[in-house]
Every structure is written in structure tokens, then in C-alpha cells.
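Participant: coords below, sequence missing:
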């Protein structure tokens, strides 16, 4: 019994050290930000059009989505012509904790909207969370015209696109480098697999759109994304988990599935 308890204590200490060594991080890289967890890395571009510009599943040196493109993951709306996310005017680190980092991106579309995006990333799970608020610079509808958000891989790869309605709408693009998925509890998914050059898909949140007066802010729009090393269909397997914030450190170990915490281990 004593040996087993000692082993558990040593193992728990080793796990704690391992978690500290693989904590989620965010760091500035020129005009970009790199967010790294133990399961994926994503690059956030601040220059127009702002948004994710590279996504790597752990263990793969090649990005799932194109790098250095005009736009890959972004929001857009059609008022007096299409207005995409423009320049990201600021990036703030809101929270840094073991296995977790939260950033706030502020993006200006150069016309009537500012977008305030709170993005939360965790170790141990392949998914992350966006909470988006529109601040009206002039009278405008908060969310409209689909493209909320839009993903254009722009990667010159053979992409597979899939979507599901269960347990809530989600879609994915997959290729030889892994998959990039998006999930919504309050919207729908629309695929454009034949759209040149590499296909695209978006989440549609038009039903949440509200008319805003200058200076007003919208209610938050929440959706989830995932970057994984598997096939496109694997994005469906985690759909029931993406809305859950991991508690007490890693929910899934980088060394394999970890269904229980150390506090739940019982000796017999």
C-alpha cells in the first residue's frame, strides 16, 4: 500500500511538472501572435485582413490553412459593399494560468464596426473558444450576411469538407496536415466546397443580428474552433465536448486520454 501511495505521489509530481512545462503560451512574433498549446499552434495576424494565418496540429510542421494569405479565418458583412476584418488595433493578454491563456483582439473593419474578440485557449484539448462583440462606429447591424465567421483554407491542398447538425451545427475542412473545425450552438453551417481555389465554409449567425446605434455594443456571439491531427471526420467526435472548459488542468493528456484527476485516484 505504501509503495503504491509513493508511486502516485511521485507520478502526480511528475505530471505537475509536465503541465507547467507545456503550459499554453501566447507571444508576439513580429506583426503576428503565436498561440501554442500542447496539442496545436495557431498564428494570429494583426495586419489586414486580421485573423488566423496558420494552424498546426501537434507533431506536424505543415499548416492546415494557408500562411501569408490575404484572409483565412475572418468575419465579414455586406453593407455598402463587403467589409472584412481590417487591422487588429490591439492584442491584450487577459488571463494566463496553468494550461490556459486568454487574449483580447480588437479589430476595425475600416467602416462602421469594431470587433472585440475574447479568445481562450487550453492545454489538453484541441478546441478553443471565441466570444465576439461588435461595437458600432455608426448605425449598423451587428451580425449579418453569413461570414460570421468565414474560413478560407487558401492552402493549395486537396481539402475535404464535412458538416453535421448533431449535437449542434459544426463544419470542418481536413487535409493531409490535419483538420480545422468550427462549432456553433446558435447558428448554422454552410459549405462551399467547390468554391475556387480551395473551398471554404462559414458559420451563419444572422438570427443573432441586431440593429446598433453609434456607440452601442452587441450581445456576445460565442463559437468554438478546433485544430487536430486526425481526419476531417474526427472533428465530429469531440463536438459534445467543445463547450466545456477543462477544469483542474488537463482534461486530456498529451500522453493519452486522462479521464480522471489525480484527486480521484483511489488505492485498494
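Facilitator: Yes, it's here. Remember, it's a predicted structure, so these values are computed and weren't measured experimentally.

Participant: Sketch out the low-pLDDT regions of the stretch 51-200 of the chain for me.
Facilitator: Counting by pLDDT under 70, the stretch 51-200 of the chain contains no low-confidence range.

Participant: got the contact list for the nearest residue to residue 209 once chain neighbours are set aside?
Facilitator: Leaving out its chain neighbours, the residue that sits closest to residue 209 by Cβ to Cβ, 6 or more residues apart in numbering is residue 143, at 4.2 Å. To be clear about C-beta, it is placed using only N, CA and C from the backbone, and glycine gets the same treatment. Each residue near residue 143 by Cβ atoms under 8 Å, 6 or more residues apart in numbering is listed here: 77, 134, 205-206, 208-210, 218, 221.

Participant: Determine the number of other residues adjacent to residue 87.
Facilitator: 17 (other Cβ atoms under 10 Å).

Participant: if I look at the nearest residue to it once chain neighbours are set aside, how far off is residue 184?
Facilitator: Excluding its sequence neighbours, the residue lying closest to residue 87 (Cβ to Cβ, 6+ apart) is residue 48, at 5.0 Å. Distance of residue 48 to residue 184, given as Cβ to Cβ, to the nearest Å: 25 Å.

Participant: quick one: which of those two has more around it?
Facilitator: Remark: of residue 48 and residue 184, residue 184 carries more neighbours, 21 against 18, as counted by other Cβ under 10 Å.

Participant: For residue 127, see how far away the more buried one is.
Facilitator: Taking Cβ to Cβ, one finds residue 184 at 13 Å from residue 127.

Participant: ok, residue 220 - contacts?
Facilitator: Per Cβ under 8 Å, 6+ apart, neighbours of residue 220: 131-133.

Participant: Which of the residues you listed ranks first by neighbour count?
Facilitator: Within the contacts of residue 220, most neighbours by other Cβ under 10 Å means residue 132, with 22 neighbours.

Participant: Quick check: it is in a helix.
Facilitator: No - assignment of residue 132 by DSSP: H, G, I helix; E, B strand; the rest coil gives strand, placing it outside any helix.

Participant: how far away is the closest residue to it other than its chain neighbours from residue 130?
Facilitator: Spatially, and ignoring its direct neighbours in sequence, residue 132 is nearest to residue 221 (4.5 Å; Cβ to Cβ, 6+ apart). Look at residue 221 and residue 130: by Cβ to Cβ, they are 8 Å apart.

Participant: Next: residue 164.
Facilitator: Applying Cβ to Cβ to residue 164 and residue 130 gives a distance of 20 Å.

Participant: What segments of the stretch 1-150 of the chain are helices?
Facilitator: Using DSSP state H, counting those that start in this stretch, the helices found in the stretch 1-150 of the chain span residues 2-21.

Participant: Switch the contacts of residue 220 over to a markdown table; also include distance to residue 176.
Facilitator: Listed next are the contacts of residue 220 as a markdown table, based on distance: Cβ to Cβ, whole Å:
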| residue | distance to residue 176 |
| --- | --- |
| 131 | 32 |
| 132 | 31 |
| 133 | 36 |
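
Participant: Many thanks, I have nothing further to ask.
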